[in-house]
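Q: build me a structure from this.
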Amino acid sequence: MAEIHPKLEVPLSTRILVVDDSEIMLTGMRTILSTLGFTDVVSARKGATAWNLILEQIEKQKPFEIILCDWNMPGYISGVQLLEKVRTATTHNSTIFILVTTENTFDKVKKAMDLGVSNYIIKPYAHTDVTLKLNSTWKKSKQAAA
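A: A predicted model of the protein is given here:
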């Protein structure tokens, strides 16, 4: 029996940045997004690289509309630090920022909420999980902008 996927409600031309230090997780998310039909997906394996890409795209006046970012990344900038930079150091506070994580303790979730995370995708995830989170977050974002 074929798996039934929910209908995607996010425009396929949406500019998406995927950030994960794990090549396997990065490839998995990119595969799901490609299968959904997204055509403008960029990826980074480090928070610092992602931050540079974000600034570069803002300068080109083509900011990412959705950022899917791993929480725990070794190095200079973690996922939650990248979230904080996006929310405080740019004028693009409306960018949808979804943390992809195994983190679910109250303190960590509260910290991310306080910083303005748009939503979470809990690892491990499936195609349907990604579609549902993208749909609900996109809808909430558009309602807030109206």
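Q: helix or strand for the most centrally placed residue in the chain, which one?
A: If you average the C-alpha coordinates of the chain and look for the closest C-alpha using C-alpha atoms, centre = their mean, you land on residue 68, 1.6 Å from that point. Residue 68 is located in strand 66-70, with elements delineated by DSSP states H and E.
Q: helices or strands next to the helix or strand of the chain with the lowest mean pLDDT in the packing?
A: Taking mean pLDDT, DSSP states H and E as the measure, the chain has helix 106-115 as its least confident helix or strand, at a mean of 87. Under the contact definition 3 or more C-beta pairs under 8 Å, 6 or more residues apart in numbering; DSSP states H and E, helix 106-115 sits against helix 79-89. To be clear about C-beta, it is placed using only N, CA and C from the backbone, and glycine gets the same treatment.
Q: returning to that earlier point: list the buried ones in the least confident helix or strand of the chain?
A: Of all the residues in helix 106-115, those buried under the rule 16 or more other C-beta atoms under 10 Å are 112, 115.
Q: now do stretch 126-145
A: The neighbour-count check on stretch 126-145 (16+ other C-beta under 10 Å) flags 127, 130-134, 137-138, 141 as buried.
Q: restricted to helices, list these.
A: The subset of the buried residues of stretch 126-145 located in helices under the criterion DSSP state H comprises 127, 130-134, 137-138, 141.
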